[in-house]
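Student: sharing a sequence plus its predicted fold:
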Amino acid sequence: MRNETVRTDITVVGGGLAGVNAAIAAARLGRTVALVQNRPVLGGNSSSEVRVWVCGATAHGTHRYARETGIMGELFVENQYRNPDGNPYIWDLVVLEAVKAEPNIQLFLNTDVHEVEAHGDENDRTITSVTGWMMASERRIRFESDVYLDCTGDGLVGFLAGAKYRLGREAKEEYNEEWAPEVADDITLGSTLLFYTKDAGHPVKFVPPSFAKDITQTTIPMKRVIRSGDSGCHYWWIEWGGELDTVHDNERIRDELWSVIYGIWDYIKNSGKFQADNMTLEWVGSLPGKREYRRFVGDYVLNQNDILAQRPFEDGVAIGGWSIDLHPPQGMYSTESGSKHLHIDGVYHIPFRSLYSVNVRNMLMAGRDISASHVAFGTTRVMATCAVAGEAAGTGAALCVAAGVTPRELYASHRDELMQTLLRQDASIVGLRNTDGLDLARKARSSASGALARLAVERHGQERYRLASDAALLFPVEPRLDGLELLLDADEATTVEVALFDTGRKMNYVPHTLRAQASASVAKGEKMWVRFDLSWTPDEAQNAFVVVKANNAVQLYHSSEPMSGVLLFFNGGEPIVSSKLEDHRATQPVVQWRMGRKARQPFCFRALGASSAYTPEKAINGFRRPYGGPQQWMSERMQAGREEWLQLDWDKAAAVREVHLTFNDDVNEDLINLHHHKTSFEIMPELVRDYRIDAWDGGGWNTLLRETGNRKRRRVHTLSEAVSTGKLRIVVEATNGSEFAEVVEVRVYE
């Protein structure tokens, strides 16, 4: 046996998406990191070993402009390009390569940490080392660091260190949570195994193993959706163990799940109820995907009321948006729905105080073991949300090491630095504004070759939507709306009614308060532009949610082109997956108003009056995500032979050394790592493809650099030496498909 000691600034234990994001975030800030994973691959439940969809704040397209940015966003977009078919093994590579790209990370796979050294009393503990056994290599490795991150999911490191934790469900009275039980108990969400099938192209028989369960003798066929063509996460409901100890009874739970998987496949293949003669099993999981175990106690315990109220936190470091999604304790054997969902009106924030231990002074946590009640955990547990919390925790750990402080001290004395660092790194935070005093762009005047001022989507396709139920448009209003025109057909003379609502919060995309109404008499006809005297002058720039009232004699035209900042909605429709399998509260606005996979086909409309929603100032106003509007510069429609550019001017020359560019990668587009749905393009069309950075030398423009083939949202360009200039231009030469040049943010540093 070989004994080794590894000394780094930070040790991250757990190589799921929370740990991966934490390690990368800390490494990019110059800290040395040991990333320790007990499996042969990274990605945790998303890896090829378990194969769970990476879900997050978009909630399968329920929330608008909610897809994660930062490191998780990079992984989504890279996987979209490399892995459009959702191959689990390619996803493994995307995650692995992201880690290997960071020279400050030492990666230790197949290394199971099972020893922790810590000292102090129960209320003030400090970890001094963790030790792991590298399987097959017979290496015993001791990891020594200033700061430790428990991203293990089950919370083993913190448990061994004496960190305070919760297990099971809190009583309703503790946090006044509607969905909590009257009496606290030890019940958790269960574990799941998945399987894949394929068509072999010829008849294939299946002889079930002796331990396969006869599911006709269970409640499964009564309440669960079984189809021969489904596989993978379509069978997320094969869940069990919530009434057991999901860690100590892991082997028993796995065996029960296996017996049901093979029983389901026997039912599909041999019952005669399915057209499955040519179907065969391609893969069956052997590692149960755990949903819940220990949850550590931090300085703040996130609860159901925080989520539903979208409570603003001064230390809100990561967004979530998945519904509060709880499952019955009996799992797949329950006669209830497989899950019940409580949706919020928009995204919410997770506070930094929920990402560090209340009593272990040098331990942070990220993933499903953060400081949250069981009910709040029902939304924070999904992997993309775990990942963005990981980026926040890793960033916090790096700043703790740099400043020589504990996470609690970082919150108390360096909170603004933490928040601004996360924002500069493009982390998933909504509504926070750039206040970086070192960013020269904040002191510049902005101008451009032009900016979209006429808000209109006029190119129509063949597809129309009959107004059997209400439909809606959302678009920015800045400074005012002077009227609205819609392109429609009418089967007969009729009256069409519209109503304009604000959205309440700037990060929400549901109707909130009625602001204006209008109607128009329409004659029978086709492709008619109909004007509505709908006007609104809001106190500040924000989005308008315009509802077109149901009228079965009318059809609206879908556009053949999207426009950033413009959305459409349908009222009603089926739940996200299945009305038999999932219980969604139909009265919740985000469930009522859905996009129906038509995000890029808004209704044809014209908003009357000049708009200032896309001016060049938007690229330096401090916002990096849509918030009460698109928050980006967008040119007029690009034309051959005309360059589109965004320019910054200073009163006196600046020594420019670093330029940070953030392009629009349409965070409204719902991406996923595996196979829930497929997006028709591999690169976001709105992303700038070819561009250059020019500097004024007093007599003309000099090109500092030129990039071609870009497919990333965030680019940081460090010049070989500082350039003294009073003017800087970002020249957009081509996009990946959009007819507009779109830049979310420009930052400039000496």
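Tutor: Yes, it's here. Residues are numbered from 1 along each chain as shown.
Student: please count neighbours and contacts with C-alpha atoms only from this point.
Tutor: Will do.
Student: report the contact partners of residue 356.
Tutor: 298, 299, 363, 364, 365, 370, 371, 393, 407, 408 (C-alpha atoms under 8 Å, 6 or more residues apart in numbering).
Student: which among the residues you listed gets closest to residue 714?
Tutor: Set against residue 714, the nearest of the contacts of residue 356 by C-alpha to C-alpha is residue 393 (20.7 Å).
Student: confirm that closest one sits in a helix?
Tutor: Yes. With DSSP: H, G, I helix; E, B strand; the rest coil as the criterion, residue 393 is part of a helix.
Student: for residue 290, see how far away it is.
Tutor: Per C-alpha to C-alpha, to the nearest Å, residue 393 is found 22 Å from residue 290.
Student: so the two - more neighbours on which side?
Tutor: Legend: neighbour count by other C-alpha atoms under 10 Å for residue 393 and residue 290, higher for residue 393 (35 against 24).
Student: pretty sure that one sits against residue 364.
Tutor: Yes. Between residue 393 and residue 364 there is a contact at 6.4 Å, judged by C-alpha atoms under 8 Å.
Student: need the overlap of contacts for these two.
Tutor: Taking C-alpha under 8 Å, 6+ apart as the contact rule, the neighbours common to residue 393 and residue 364 are 149, 355, 356.
Student: in the sheet, who's paired with the first one?
Tutor: Read it as residue 149. Residue 149 forms beta bridges with residue 12, residue 364, as assigned by DSSP bridges.
Student: which residues touch it?
Tutor: 10, 11, 12, 13, 19, 363, 364, 365, 366, 393, 394.
Student: quick check on these: which are buried?
Tutor: If you count burial by 16 or more other C-alpha atoms under 10 Å, the buried members of the contacts of residue 149 come out as 10, 11, 12, 13, 19, 363, 364, 365, 366, 393, 394.
Student: now render those residues as a markdown table, adding pLDDT.
Tutor: Formatted as a markdown table, the buried ones among the contacts of residue 149 follow (pLDDT from 0 to 100):
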| residue | pLDDT |
| --- | --- |
| 10 | 98 |
| 11 | 98 |
| 12 | 98 |
| 13 | 98 |
| 19 | 98 |
| 363 | 98 |
| 364 | 98 |
| 365 | 98 |
| 366 | 98 |
| 393 | 98 |
| 394 | 98 |
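Student: where in the protein is pLDDT low?
Tutor: 573-580, 585-586 (pLDDT under 70).
Student: quick one on the thing from earlier: so which of the shared contacts of residue 393 and residue 364 is the closest to residue 142?
Tutor: For the shared contacts of residue 393 and residue 364, the nearest to residue 142 is residue 149 (15.2 Å; C-alpha to C-alpha).
Student: distance of that closest one relative to residue 398?
Tutor: For residue 149, the distance to residue 398 equals 11 Å [C-alpha to C-alpha].
Student: biggest separation within the contacts of residue 356, which pair?
Tutor: 370 and 408, at 15.0 Å, using C-alpha to C-alpha across those.
Student: so which of these two has more stuff around it?
Tutor: Higher neighbour count among residue 370 and residue 408: residue 370, with 34 against 21, using other C-alpha under 10 Å.
Student: is it true that the more buried one touches residue 299?
Tutor: No. With contact defined as C-alpha under 8 Å, residue 370 and residue 299 do not form a contacting pair (10.9 Å).
Student: name the element residue 260 belongs to?
Tutor: Per DSSP states H and E: residue 260 is located in helix 250-270.
Student: could I get the buried residue list for that helix?
Tutor: For helix 250-270, burial by neighbour count (16+ other C-alpha under 10 Å) applies to 250, 253-270.
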